[in-house]
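Undergrad: Everything below, folded, please.
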Amino acid sequence: MNRYSKIKLSLLRDIGWRLWDPIGLGLPGDGWPKDCVDEYDSYLLHVVGMLNQGRSNQEAVAYLDWAGAEHMGMGPSTVTAHQACIATVEAIVAYLQTLPEDPLSVR
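TA: Residues are numbered from 1 along each chain as shown. The predicted structure is shown next:
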């Protein structure tokens, strides 16, 4: 994937909080917790960077699995956690495919 455009961080956050949330900080239907809204930003932006550099969806899924299990200390990935990583990457890919090809930036 070689799509470059302005990434709406708010849309990435929607994806991360709705589909991934490995720590379990969010409450269903309540959106992002106000005091930790940026908790997953660096992970989600890293996935965008991986995909824009031509890395595979599987590599991005593996990164999110690692981030939750090892970096955040949640322990070995479960089937449910892995499925959340897959859904998150698929949603990010779908979002990126809607963007026009412009220089990459975040807004």
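
Undergrad: Quick check: mean pLDDT of the helix ranked longest in the chain?
TA: The longest helix of the chain (DSSP state H) is helix 79-96. The pLDDT scores in helix 79-96 average 95.

Undergrad: This structure: strands as residue ranges?
TA: For the chain, applying DSSP state E gives strands covering 6-7, 105-106.

Undergrad: Out of these, which gets the lowest mean score?
TA: strand 105-106 - the lowest mean pLDDT of these, at a mean of 58.

Undergrad: Distance-wise, check Met74 relative to Gly24.
TA: The gap separating Met74 from Gly24 is 9 Å, by CB to CB, to the nearest Å. (C-beta placed from N, C-alpha, C; glycine too.)

Undergrad: Break down the chain into its helices, ranges please.
TA: Under the criterion DSSP H, helices of the chain are mapped to 9-15, 41-52, 57-66, 79-96.

Undergrad: quick one: which of those is nearest Lys34?
TA: With CB to CB, the closest approach to Lys34 among these belongs to helix 9-15: 12.1 Å.

Undergrad: residues in contact with the residue nearest the centre of the chain?
TA: Nearest to the mean C-alpha position of the chain, by CA atoms, centre = their mean, lies Leu44 at 3.4 Å. Contact analysis of Leu44 by CB atoms under 8 Å, 6 or more residues apart in numbering lists 12-13, 15-16, 20, 88, 92.
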